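Q: sequence and computational prediction follow.
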Amino acid sequence: MKKFIRRLLRTILVLFILLNVIIMFHAYKFTHFYEAGEITIKPDSLKSGWDKTKEALFGINFAKKKNDVITDTNYHTVILTTKDNLKLEGWYIPVTNAKGTVALFHGHAGNKSGVISEANEFRKMGYNTFLLDFRAHGGSEGNTCTVGNNESEDVKLAYDFIQSKAEKNIILWGISMGAATITKALNDYDLKPSKIILEMPFGSIFQAVKGRIRTMHLPEQPFSTLLTFWGGIEHGFWAFSNKPAMYAKKISCPALLQWGQKDPRVTKEEIDEVYANLPAQKKLVIYESAMHESLCKKENQKWVTEVGSFLNDK
C-alpha cells in the first residue's frame, strides 16, 4: 500500500510538473508576436501529426498583425521611444478647428488600423486623432506584450506627445487591453485627460486569462491560475496585482464605460466592478447585439450618439 501511494504521488508530481512546463510555453507564446518573415505557419491541411502535437504542447508563434490602412497626406507618422529604446509608431491625423484630440488604443494582437473606424467618427465630430501601435504590435518595435503592464508607458508617451502640441482637451479611448491599459496609465502616471472612454476593459489580468480560457472551451482551473502566474513571472511582474477595476478608483475625470452584452470574454460582473469604482462623473452603455468586438462597427448609430453626447456634455 505504501509503495502504491509513493508511486501515485510521484505520478501526480510528474504530471503537475509537465502541466506547468506546457503552460509556461503557452504563456510565453501568448505574450510574444513576431515579424512575419521570422516564422512559418503551415495551413491546417499541410500539418502533420507532429506539427499539431508541437502546437498543443508548446503553443503557436504568432505574427504581428500588420497595418492595412492606406495612409495619405493627412496622416502624420510619429515615432515615440520607450525607456527601453523601443520605437513605437503612431498616426497623428489633425482636423481644421479641432475641439480637442482623441488618442486611440487597440486591443491585444490588434493594431492601429483596427481602430480606424472609431478614429474616422471622432474626426467627423471635430477632433484630431492619434492612433498608436502598442509595443510588439503593428508597426512598433519589440515582440513582447505584457497585456497592459508595461504598455501603460506607451499610453503616457502618447499623452505626452499630444500635450506637447499645446492641446488642452485630451480624450483617451481604448478597447479591451487598450481600455485596461488606460486605467493603469492613469494609476501609474500623473495624466490629466479631460475625459476617457473605456470599451470592454477586463477587471484584472487574471479575469482576462479566464475569459480567453472560456473561449477555448477549456476548464478555467487550473489553467487560468497557471497561465497568469507564469505569464507574469516570465516578464518579471506579479500579474495577479494588475487590476484595472481597482485602478478605476484613481480616475478623476468623466468616464464613459461601454460593453457588449454578448461578450464571451469580459463579464458583466467585471464591468459592474469597474463602473462602481469610478469615482467621478460616469455613464455605462450596454450594446445588446455586440460581442467582444468593435462597438462602433457593430452598432454604429448608437455608438456615435452615445460617444457624441458624452463628449458634448459639459
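A: Thanks, I have the structure now.
Q: strands along the stretch 101-250 of the chain, start to end?
A: For the stretch 101-250 of the chain, applying DSSP state E, counting those that start in this stretch gives strands covering 101-105, 128-132, 170-175, 195-199.
Q: mind listing the strands the last one pairs with, and their directions?
A: Using DSSP bridges, strand 195-199 pairs in its sheet with strand 170-175 (parallel), strand 255-260 (parallel).
Q: residue ranges with poor pLDDT in the stretch 101-250 of the chain?
A: Across the stretch 101-250 of the chain, nothing is flagged by pLDDT under 70.
Q: one step back: same list (the strands paired with strand 195-199) but as TSV, adding distance to Leu131.
A: C-beta coordinates here come from the backbone N, C-alpha and C atoms, glycine included. Converted to TSV, the strands paired with strand 195-199 look like this (distance: least, C-beta to C-beta, whole Å):
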stretch	distance to Leu131
strand 170-175	10
strand 255-260	18
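Q: which of those is buried the deepest?
A: strand 170-175 (a mean of 26; mean count of other C-beta atoms under 10 Å).
Q: in the sheet, who's paired with the nearest residue to Phe122 once chain neighbours are set aside?
A: Nearest residue to Phe122 in three dimensions, chain neighbours excluded: Val102, at 4.6 Å (C-beta to C-beta, 6 or more residues apart in numbering). Counting by DSSP bridges, Val102 is bridged to Thr129, Ile171.
Q: do you know how far Val102 is from Gln207?
A: Distance, Val102 to Gln207, by C-beta to C-beta, to the nearest Å: 27 Å.
Q: compare these two (neighbour count), which wins?
A: Taking neighbours as other C-beta atoms under 10 Å, Val102 and Gln207 compare with Val102 leading, 29 against 22.
Q: so the more buried one sits against Asn128, correct?
A: Yes: with contact defined as C-beta atoms under 8 Å, Val102 reaches Asn128; the gap is 7.2 Å.
Q: list the helices and strands the longest helix along the chain packs on?
A: Taking DSSP state H as the criterion, the chain has its longest helix at helix 2-30. Applying 3 or more C-beta pairs under 8 Å, 6 or more residues apart in numbering; DSSP states H and E, one finds that helix 2-30 contacts helix 49-58, helix 220-234.
Q: paired strands for whichever helix or strand comes after it, with orientation please.
A: Sequence-wise, the next helix or strand downstream of helix 2-30 (DSSP states H and E) is strand 33-34. Strand 33-34 pairs in its sheet with strand 62-63 (parallel), by DSSP bridges.
Q: state the distance from the most centrally placed residue in the chain to Phe202.
A: Geometric centre of the chain, nearest residue: Met177, 1.7 Å, by C-alpha atoms, centre = their mean. Met177 sits at a distance of 8 Å from Phe202 (criterion: C-beta to C-beta).
Q: what does Pro244 give?
A: Taking C-beta to C-beta as the measure, Pro244 falls 6 Å from Phe202.
Q: quick check: neighbours shared by the two?
A: Residues touching both Pro244 and Phe202 (C-beta atoms under 8 Å, 6 or more residues apart in numbering): Ala180.
Q: ranges for the helices of this structure?
A: Taking DSSP H as the criterion, the chain contains helices spanning 2-30, 49-58, 116-124, 152-164, 177-188, 205-215, 220-234, 244-247, 268-277, 295-298, 300-312.
Q: who are the contact partners of Gly260?
A: By C-beta under 8 Å, 6+ apart, the contact list for Gly260 reads Met200, Ile286, Tyr287, Ser289, Ala290, Met291, His292, Glu293, Leu295, Lys298.
Q: for those, which one is nearest Lys192?
A: The shortest approach to Lys192 among the contacts of Gly260 belongs to Met200, at 24.3 Å (C-beta to C-beta).
Q: right, and that closest one touches His292 too?
A: Yes: between Met200 and His292 there is a contact under C-beta under 8 Å: 6.1 Å.
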